[in-house]
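>>> fold the following for me, if possible:
(chains A and B)
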Protein chains: 2
Amino acid sequence: MQAVCLLSGGMDSATLAYLAKDSGYEIVALHFTYGQRTEAKERQCAQEIARRLDAVEFVEISLEHFTKIGASSLTDQSIAVEEYEEGREGMPNTYVPFRNGNLLAIATSLAEARGAEAIFIGVQVGDYSGYPDCRPEFIEAFQRAVDIGTSPEAHIRLQTPFVHMTKAEILRKGFELGVPYEHTWSCYQRNDIACGVCDSCHYRRSAFTELGLTDPIEYAE
Amino acid sequence: MQAVCLLSGGMDSATLAYLAKDSGYEIVALHFTYGQRTEAKERQCAQEIARRLDAVEFVEISLEHFTKIGASSLTDQSIAVEEYEEGREGMPNTYVPFRNGNLLAIATSLAEARGAEAIFIGVQVGDYSGYPDCRPEFIEAFQRAVDIGTSPEAHIRLQTPFVHMTKAEILRKGFELGVPYEHTWSCYQRNDIACGVCDSCHYRRSAFTELGLTDPIEYAE
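Here you go, the predicted model:
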């Protein structure tokens, strides 16, 4: 029983992969690069997590075509990554339109080609996203597209165990599962040590603080 | 008013682009390459069609990652392209799992980034596909995923004017619109002159024959 597991190298996806393995799945790790600033570091973390879980495959797929579509600070180097700001409204500028739609489409192709029965994706509705394609209604709609748009022999379930969890709850789960968080990367901005001020760093640190745990990685500020 | 128009270089997508333009849309041409045997020829045709329609943009996106997913003769050079066979059942081996799901996901990202109001895709349920992601139910399901998974400001309609048409009906429409079929390419197998025997050549020739028209391209046999 195999599951395609989206493994970015971040703390959520690492926890997700440990959870999928713990649920009895063999892991087909699917790692995306899309010209983001922190690509090298994320890949290295994802590979280490996959290795520790004896993944049957590590598939790396470039989404550099997102740079042709533009409109996000994650892929467009001319736009600065926004720092966390309390109470900011509207879509963060790290938004890539319909990104999860793209990730899930590729994961579905891979799952059908390998005969995998599940796709694990670490979307969360609650904490820092504001992305419309992170909501459970989106996952349900995409599930239907998968059911209809794949061959009759394919039976692929989208699994989003974290969708209603907070980052702190995910972290607690990960500690139970023994996830090595020193091999995960969250920062949107830097490759060497985490910046500590981008949205993603902010939420990671808050989760560790909330649980009274020490984050094993180093921060610039 | 802009429309993202999937422009492969084939006769259906060329007709589709002419139809979108005729319906009042400015064309954002979206051309995919995915390591297929006939890539160069298809690109050249797509560019010529876009040029003639004064497309506002020609976005070329590589889906070469399909080669990492495998399982199709279109992208896996070790699998021979099947020739047309009367009454053959099951999925043709040119099947790339969930291909249209992937194409539509990228088109949706592009449409949202550009503020386009429509995506034109030349899927047809009837004639030669057998692909589950060519059916109108799939398009409806994907439309719902698009509605939910894009930002509240985006209003993107998937337009599939050919879904219930035969290739001959599309061709008739194209002749009315003045589509230059000498600048279209259908063959799955050859880049120089069309093979004449693959599925795609077979159906193209049948359409011309049905209408009593002469196909302006040359065939090997």
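
>>> verify the stated contact: A:A168 with A:L211.
Yes: counting by Cβ atoms under 8 Å, A:L211 is a contact partner of A:A168 at 5.6 Å. The way it works is simple: take the backbone N, C-alpha and C, and place the C-beta from them, glycine included.

>>> which one of the two is surrounded by more residues?
Shown here are A:A168 and A:L211; by other Cβ atoms under 10 Å in any protein chain shown, A:A168 has more neighbours (17 against 14).

>>> quick one: contacts for that one?
Shown in contact with A:A168 (Cβ atoms under 8 Å, 6 or more residues apart in numbering or on different chains): A:S206, A:A207, A:E210, A:L211.

>>> also A:I156?
Taking Cβ under 8 Å, 6+ apart as the criterion, A:I156 is in contact with A:T108, A:A111, A:E112, A:A116, A:E117, A:A118, A:I119, A:V146, A:T150.

>>> repeat for A:G122
Counting by Cβ under 8 Å, 6+ apart, A:G122 makes contact with A:L6, A:S8, A:G10, A:D12, A:S13, A:T15, A:L16, A:T160, A:F162, A:I170.

>>> state the phi and psi torsions of A:G35.
phi 70, psi 20 (degrees, to the nearest 10).

>>> nearest to chain B among the contacts of A:I156?
Using Cβ to the nearest Cβ, A:E112 is the member of the contacts of A:I156 that lies nearest chain B, at 3.7 Å.

>>> which pLDDT value belongs to A:I61?
A:I61 is assigned 94 on the pLDDT scale.

>>> wait, is it part of a strand?
Yes: residue state for A:I61 (DSSP: H, G, I helix; E, B strand; the rest coil) corresponds to a strand.

>>> and it, what does it touch?
Taking Cβ under 8 Å, 6+ apart as the definition, contacts of A:I61 comprise A:L30, A:H31, A:F32, A:T33, A:I106, B:H65, B:K68.

>>> let's go with 6 Å and repeat that
Applying Cβ atoms under 6 Å, 6 or more residues apart in numbering or on different chains, we find A:I61 in contact with A:F32, A:I106, B:H65.

>>> mind putting those in JSON lines, distance to A:S186 included?
Compiled in JSON lines, the contacts of A:I61 are given as follows (distance: Cβ to Cβ, whole Å):
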{"residue": "A:F32", "distance to A:S186": "15"}
{"residue": "A:I106", "distance to A:S186": "22"}
{"residue": "B:H65", "distance to A:S186": "25"}
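
>>> now these as a markdown table including secondary structure?
Output for the contacts of A:I61, formatted as a markdown table (three-state DSSP):
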| residue | secondary structure |
| --- | --- |
| A:F32 | strand |
| A:I106 | helix |
| B:H65 | coil |
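
>>> just the buried residues of the helix or strand of chain A with the lowest mean pLDDT, please?
Ranked by mean pLDDT, DSSP states H and E, the weakest helix or strand in chain A is helix A:66-69, scoring a mean of 84. Of all the residues in helix A:66-69, those buried under the rule 16 or more other Cβ atoms under 10 Å in any protein chain shown are A:F66, A:K68, A:I69.

>>> just checking: which of these also lie near chain B?
A:K68, A:I69 (Cβ under 6 Å from any Cβ of the partner chain).

>>> can you name the residues in contact with stretch A:2-20?
Applying Cβ under 6 Å, 6+ apart, the external contacts of stretch A:2-20 come out as A:25-31, A:42, A:45-46, A:49, A:53, A:107, A:110-111, A:116, A:118-122, A:161, A:170, A:174, A:177, A:179, A:181, A:184-186.

>>> quick check: mean pLDDT of it?
97.

>>> who are the contact partners of A:D133?
A:F98, A:N100, A:G101, B:G149.

>>> using CSV, write out every CA atom in the helix or strand encompassing the third one.
Going back to what we said before, that points to A:G101. Per DSSP states H and E: A:G101 is located in helix A:99-114. Written as CSV, here are the backbone C-alpha positions of helix A:99-114 (Å, rounded to 0.1, in the frame of the first residue of the first chain):
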residue,chain,number,x,y,z
ARG,A,99,-0.6,26.4,-6.3
ASN,A,100,-2.2,23.4,-4.5
GLY,A,101,-4.3,22.8,-7.6
ASN,A,102,-1.0,22.3,-9.5
LEU,A,103,0.6,20.2,-6.8
LEU,A,104,-2.4,17.9,-6.5
ALA,A,105,-2.6,17.5,-10.2
ILE,A,106,1.0,16.2,-10.4
ALA,A,107,0.5,14.1,-7.3
THR,A,108,-2.6,12.5,-8.9
SER,A,109,-0.7,11.7,-12.1
LEU,A,110,2.1,10.1,-10.0
ALA,A,111,-0.3,8.2,-7.8
GLU,A,112,-2.2,6.8,-10.8
ALA,A,113,1.1,5.8,-12.6
ARG,A,114,2.4,4.0,-9.4
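
>>> quick check: the farthest pair among the contacts of A:I156?
Greatest spacing in the contacts of A:I156, by Cβ to Cβ: A:A118 and A:T150 (13.2 Å).

>>> for chain A, which spans come out with low pLDDT?
By pLDDT under 70, the low-scoring segments of chain A are A:71-95, A:127-130.

>>> which one in it is furthest away from the centre?
A:P152 (28.6 Å; Cα atoms, centre = their mean).

>>> gap between the nearest residue to that one once chain neighbours are set aside and A:P216?
Closest residue to A:P152 apart from its sequence neighbours, by Cβ to Cβ, 6 or more residues apart in numbering or on different chains: B:P132 at 7.5 Å. Separation of B:P132 from A:P216 (Cβ to Cβ, to the nearest Å): 45 Å.

>>> more neighbours, the two?
More neighbours surround B:P132 than the other of B:P132 and A:P216, with 22 against 11 (other Cβ under 10 Å).

>>> name all residues that make contact with that one.
Contact partners of B:P132, counting by Cβ under 6 Å, 6+ apart, are A:G149, A:T150, A:S151.

>>> the first one: how many residues sit nearby?
Going back to what we said before, that points to A:G149. 28.

>>> thank you kindly, that will do.
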